[in-house]
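> Sharing a model prediction with you, sequence too.
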Amino acid sequence: APTWLPCGRHRLDLSYPRVMGILNVTPDSFSDGGRHVALDDALRHAERMLAEGAAIIDVGGESTRPGAQAITAQQELDRVAPVVERLVCELDALVSVDTSTPAVMRQTAALGAGMINDVRALQREGALEAALGTGLPVCLMHMQGEPQDMQQAPRYDAPIEEAVMDFLETRVAACEAAGLRRERLLIDPGFGFGKTVEHNLRLLNRMDRMTRFDLPLLVGLSRKSLIGKVLGRPVEERLPGGLALASLAVERGARILRVHDVGPTMDAVNMTWAVLREGCEND
Ligand SMILES: Cn1cnc2c(O)nc(N)nc21
């Protein structure tokens, strides 16, 4: 996998695992519902995550949690654009935009966003062309169904890891066929997106197989319901479980961890990395 990624005016060093801080600007995001809707709140939250070591701030205007209501492109843009603009202009942050909407990709790229994070892997009409036009790197994630229905009865004909890798293979191929260079792609198994707890556990346990793509691996496990179901913890008590998963994910090849709690995750990731790179000559 590439050891660095051109992200607009930023150059993201991927020779070691990086942390992406979550900035939800959706009124119904599952773990900080509406707390960050106010623009100043969002900026202060981002500033804190950057100070704690976040390499990227992921800004999302449309909640992708199970059961989330879909919104219009204009609603999404009205939420995301002002935040992206201030993150770029005031904090010079590397901003990832969590969107599947072509217009949002184009407009936020014009405002200085450095990465596109699409939970729908550029499958929406016009998304691939829009992403191509931005020149930005794109994270392609696996999801079965849509947030409104994906968790009703997730099932697969093949083992989950094969279904996910086959899907990502087709999406990477579609991007390459459209002229989106492979060096600009990241992949993500999409924990919690149309998957049972068993699917998620099996997928993480076998995630090292995804290194065969030779593409940077982005994962999001923070505060997700698999932690709640295994440990019986409510969303505000899932940090220890999330740190255990972050460490495992790094051990199995993840290079970007998408999380709510940046500081604690930095320590878990850096501690794990110190062990994994022990004895490497290029220390
Ligand atoms: C927006 N979003 C929520 N969970 C996510 C995950 O696991 N990966 C990516 N890339 N985006 C996510």
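Cool, the structure landed.

> Roughly how far does the residue in the stretch 151-283 of the chain that the ligand sits nearest to sit from residue 244?
Per C-beta to the nearest ligand atom, residue 220 is where the stretch 151-283 of the chain lies closest to the ligand, at 2.3 Å. All C-beta atoms are positioned from the backbone trio N, CA, C, and that covers glycine. In this view, residue 220 and residue 244 are 15 Å apart by C-beta to C-beta, to the nearest Å.

> Compare neighbour counts for these two and give me the winner.
residue 220 (28 against 14; other C-beta atoms under 10 Å).

> Can you report phi and psi for the more buried one?
Backbone torsions for residue 220, taken as degrees, to the nearest 10, come to phi -130, psi 110.

> pLDDT weak spots in this structure?
27-37, 281-283 (pLDDT under 70).

> quick one, longest strand in it?
Criterion DSSP state E: the longest strand present in the chain is strand 18-24.

> what does the stretch 151-283 of the chain put close to the ligand?
Residues of the stretch 151-283 of the chain that fall close to the ligand, judged by C-beta under 6 Å from any ligand atom: 188, 190, 191, 218, 220, 258.

> who's in contact with residue 111?
Applying C-beta atoms under 8 Å, 6 or more residues apart in numbering, we find residue 111 in contact with 81, 84, 85, 88.

> So it versus the ligand, what's the distance?
Distance from residue 111 to the ligand, counting by C-beta to the nearest ligand atom, to the nearest Å: 19 Å.

> Likewise for residue 60?
Counting by C-beta to the nearest ligand atom - residue 60 and the ligand are separated by 5 Å.

> show me where this structure has helices.
39-51, 73-91, 102-110, 127-134, 160-177, 197-205, 225-231, 239-251, 262-276 (DSSP state H).

> Show me which positions of the third one end up buried.
Neighbour-count burial for helix 102-110, counted by 16 or more other C-beta atoms under 10 Å, picks out 102, 104, 105, 106, 107, 108, 109.

> quick one, it and helix 127-134 angle?
Angle of helix 102-110 versus helix 127-134, following axes from the mean of the first three to the mean of the last three C-alpha atoms, to 10 degrees, is 10 degrees.

> so how far is helix 102-110 off the chain centroid?
17 Å (C-alpha atoms, centre = their mean, to the nearest Å).

> how about the residues of the stretch 1-150 of the chain near the ligand?
60, 64, 98, 117, 119, 139, 141.

> Now for the last one: which residues touch it?
Put plainly, it is residue 141. 117, 118, 119, 120, 121, 187, 188, 189, 190, 193, 218.

> Out of these, who's the most crowded?
For the contacts of residue 141, the largest number of neighbours (other C-beta under 10 Å) sits with residue 189, at 29 neighbours.

> And that one, its phi and psi?
The phi/psi pair for residue 189 (degrees, to the nearest 10) is phi -70, psi -10.

> Am I right that it is in contact with residue 213?
No - Residue 189 lies out of contact with residue 213 (C-beta atoms under 8 Å); the separation is 11.0 Å.

> which residues are common contacts for these two?
Shared contacts of residue 189 and residue 213, counting by C-beta under 8 Å, 6+ apart, come down to residue 168.

> which ones are touching the spatially closest residue to residue 196 that is not a sequence neighbour?
Nearest residue to residue 196, sequence neighbours excluded (C-beta to C-beta, 6 or more residues apart in numbering): residue 154, at 5.3 Å. The contact partners of residue 154, by C-beta under 8 Å, 6+ apart, come to 144, 145, 194, 195, 196, 199.

> Could you export these as JSON lines, including distance to residue 182?
Below are the contacts of residue 154 laid out as JSON lines (distance: C-beta to C-beta, whole Å):
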{"residue": "144", "distance to residue 182": "24"}
{"residue": "145", "distance to residue 182": "27"}
{"residue": "194", "distance to residue 182": "25"}
{"residue": "195", "distance to residue 182": "26"}
{"residue": "196", "distance to residue 182": "31"}
{"residue": "199", "distance to residue 182": "27"}
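
> Compile those residues into a markdown table and extend it with columns for distance to residue 269 and neighbour count.
Converted to a markdown table, the contacts of residue 154 look like this (distance: C-beta to C-beta, whole Å; neighbours: other C-beta atoms under 10 Å):
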| residue | distance to residue 269 | neighbour count |
| --- | --- | --- |
| 144 | 28 | 19 |
| 145 | 31 | 14 |
| 194 | 27 | 24 |
| 195 | 23 | 27 |
| 196 | 27 | 17 |
| 199 | 24 | 23 |
